[in-house]
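*Asks:* What follows is a protein structure lacking sequence information:
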């Protein structure tokens, strides 16, 4: 597995507290793990190989390694700020898919919320635009996949409705008048 991992030219990590570099290193490393179908048990060994200051592999699961890695290299105040960004995330002017990408990106900063699928789904739905949220909140979605699918469908339906409404409002007023009912003025002699 090590040879396959090395062939993918994984990035080295030299340390430091720049949270963007930390997250980027984790993201690139996880991307390689997915590409080479790396088993969960082997990830820590391979990842620590790329740490230029490590003594050797730790005996922890990958999720625990990620937690410890972030705790060590991302200052607590930065972690708090990143978590707050997630907690205050709303859809705003983004499409549902754009919101989902941002949600997934920022959710890494609040693992205690996203570890529970129901809480994660609730946070996702509560961050949607009011018009979408009202249509989804009582449907009891049990997974992110269900919630995302329903939100995308509702968004598409709303877009079709708005397009039809715009087209209707663009019609000239004369198109609505009946031509056969015009009264002729009486002729006086």
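*Replies:* Ah, there it is. Not measured: the values here are computed from a predicted model.
*Asks:* Measure how buried residue 77 is and give me the count.
*Replies:* 8 (other Cβ atoms under 10 Å). In this view, the C-beta of every residue, glycine as well, is placed from N, C-alpha and C.
*Asks:* Can you spell out which helices and strands pack onto the one helix or strand it maps to?
*Replies:* Per DSSP states H and E, residue 77 falls inside helix 76-87. Counting contacts by 3 or more Cβ pairs under 8 Å, 6 or more residues apart in numbering; DSSP states H and E, helix 76-87 packs against helix 19-35, helix 96-107.
*Asks:* possible to save these as JSON lines with mean pLDDT and mean neighbour count?
*Replies:* Shown next, in JSON lines, are the helices and strands packed on helix 76-87 (pLDDT from 0 to 100; neighbours: other Cβ atoms under 10 Å):
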{"stretch": "helix 19-35", "mean pLDDT": "86", "mean neighbour count": "16"}
{"stretch": "helix 96-107", "mean pLDDT": "93", "mean neighbour count": "17"}
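*Asks:* which stretch among those comes nearest residue 8?
*Replies:* helix 19-35 (4.6 Å; Cβ to Cβ).
*Asks:* Heading C-terminal from the closest one, find the next helix or strand.
*Replies:* Downstream of helix 19-35, the first helix or strand assigned by DSSP H and E is helix 40-49.
*Asks:* Flag the shaky bits of the chain, pLDDT-wise.
*Replies:* Counting by pLDDT under 70, the chain has low-confidence residues at 52-59, 172-189.
*Asks:* Can you name every helix or strand that the longest helix anywhere in it contacts?
*Replies:* Counting residues, the longest helix found in the chain (DSSP state H) is helix 144-170. In terms of contacts (3+ Cβ pairs under 8 Å, 6+ apart), helix 144-170 is packed against helix 96-107, helix 117-126, helix 130-136.
*Asks:* So what angle separates the directions of the helix holding residue 77 and helix 19-35?
*Replies:* Angle between the axes of helix 76-87 and helix 19-35 is 60 degrees (criterion: axes from the mean of the first three to the mean of the last three Cα atoms, to 10 degrees).
*Asks:* I'd like the helices and strands packed on helix 144-170 as TSV, with distance to residue 159 appended.
*Replies:* Below are these laid out as TSV (distance: least, Cβ to Cβ, whole Å):
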stretch	distance to residue 159
helix 96-107	11
helix 117-126	19
helix 130-136	11
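*Asks:* so which of those comes closest to residue 20?
*Replies:* Closest to residue 20 of these is helix 96-107 (Cβ to Cβ; 12.0 Å).
*Asks:* residues making contact with that closest one?
*Replies:* Identification of contacts with helix 96-107 by Cβ atoms under 8 Å, 6 or more residues apart in numbering yields 82, 85-86, 89, 91-92, 94, 113-114, 120, 123-124, 127-128, 132, 148, 151-152, 155.
*Asks:* Could I have the buried ones of those residues as PyMOL selection syntax?
*Replies:* Selecting only the buried entries of those in PyMOL, with 16 or more other Cβ atoms under 10 Å as the criterion:
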select buried, resi 82+86+89+91+94+114+120+123+124+127+128+132+148+151+155
